[in-house]
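> Test case, fold it:
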Amino acid sequence: MPWVRANLRGQTVFARATSDGQLAVAGGKVEIRYKANDGRRYDAMASNLAIVDPTPLPDDTCGEAAKPAAAGAGTPAARGSAKTSSKGGASSKRSEVIVPEPVEGSLTVYTDGACTGNPGPAGLGVVLVEETGRKELSEYLGEGTNNIAELTAIERALDMTEGRPEPVRIHTDSKYAIGVLTKGWKAKANQSLIAGILEKLGPRRRNISIVYVPGHAGVPLNERADELARMAIKTRQTRREQV
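Numbers count the residues shown, from 1 in each chain. Predicted structure coming up:
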């Protein structure tokens with residue numbers, strides 16, 4: 001089956017299509033890829049896709065790829081060690097996953113942190129969606145904990161959106177981060193880091209919302225942020241990219 005270029009919540013993706021350039025819908029979803037050869041397959045709701053160019057692209061535009069594994073379904077060791085019990089578990093059924101809808105006129109950001117060993121080599125990933133595309137950050141943090149990586153990812157999101165007039169919605173799969181930053185949880189560790197983030201958040205609080213999204217549940221941009229965090233650990237490098 002061929003592909004077409006489509007818009008998914010402000011970003012251009014490759015979507016499976018019929019021979020006449022229409023979306024190939026199965027069960028209300030369409031197979032998509034963020035890049036031609038990124039090796040990862042995702043399924044997006046057809047209602048969230050809009051065809052940008054109906055010209056069918058050859059089937060080999062995007063090579064074979066497997067869906068991201070759900071939590072508990074034999075994920076790689078690096079991913080399994082990256083998340084702690086403070087994370088919310090993914091639903092066993094993708095249809096039960098509720099993803100916050102983007103707010104018109106707002107900036108959408110997905111953040112994630114990873115750590116091998118906890119503590120151990122740590123990294124973070126940030127995906128900022130804009131009308132003109134995406135900005136991605138994959139940053140190596142050195143030795144740290146998963147919670148430090150999660151919190152620092154949110155701090156980077158604040159830095160990347162500083163001075164922007166639009167409302168900002170930061171998505172994280174860390175209930176710990178949401179608790180200490182928005183619910184008044186008392187933190188026994190990472191107090192200096194949390195205080196610094198709250199200081200940055202303070203004057204922008206009315207314009208910033210931090211919302212929970214399930215981890216390892218097939219939410220495309222959350223999966224991408226996780227991939228960026230793990231990439232930083234693997235390469236021991238920091239990388240910024242405009243997609």
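
> Report the distance from the helix or strand where Thr12 lies to the chain centre.
Element membership of Thr12 [criterion: DSSP states H and E] is strand 11-16. The chain centre lies 16 Å from the centre of strand 11-16; the measure is Cα atoms, centre = their mean, to the nearest Å.

> and for stretch 163-170, what are the contacting residues?
Identification of contacts with stretch 163-170 by Cβ atoms under 8 Å, 6 or more residues apart in numbering yields 100, 102-103, 105-111, 154, 157-158, 161, 204, 207-211. Just so you know, the C-beta spots here come from the backbone N, C-alpha and C atoms, and that holds for glycine as well.

> Can you turn the buried subset of those residues into a selection I can paste into ChimeraX?
In ChimeraX syntax, the buried subset of the contacts of stretch 163-170 is picked out as below (16 or more other Cβ atoms under 10 Å):
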select :107,108,109,110,111,154,157,158,161,208,210
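
> Restricted to helices, list the contacts of stretch 163-170.
In helices, judged by DSSP state H, the following of the contacts of stretch 163-170 are found: Ile154, Ala157, Leu158.

> And the nearest residue to the last one once chain neighbours are set aside, its phi and psi?
Sequence neighbours aside, Lys200 is the residue nearest to Leu158 in space, at 5.0 Å (criterion: Cβ to Cβ, 6 or more residues apart in numbering). Taking degrees, to the nearest 10, you get phi -70, psi -40 for the backbone angles of Lys200.

> distance of Lys200 from Leu124?
Here the criterion is Cβ to Cβ, to the nearest Å. By it, Lys200 lies 16 Å from Leu124.

> which one of those two has more residues nearby?
Ranked by neighbour count (other Cβ atoms under 10 Å), Lys200 and Leu124 place Leu124 first, with 32 against 14.

> Quick check: that one touching Glu136?
No: counting by Cβ atoms under 8 Å, Leu124 sits too far from Glu136 to count as a contact (11.3 Å).

> Please enumerate the shared neighbours of those two.
Jointly contacting Leu124 and Glu136 under the rule Cβ under 8 Å, 6+ apart are Leu228.

> Report the secondary structure element holding Lys234.
helix 220-235.

> Now do that helix: distance to the chain's middle.
Distance, stretch centre to chain centre, for helix 220-235: 8 Å (Cα atoms, centre = their mean).

> list the helices and strands the next helix or strand after it packs on?
Going down the chain from helix 220-235, the next helix or strand is strand 239-242, by DSSP H and E. Packing partners of strand 239-242 (3 or more Cβ pairs under 8 Å, 6 or more residues apart in numbering; DSSP states H and E): strand 133-144.
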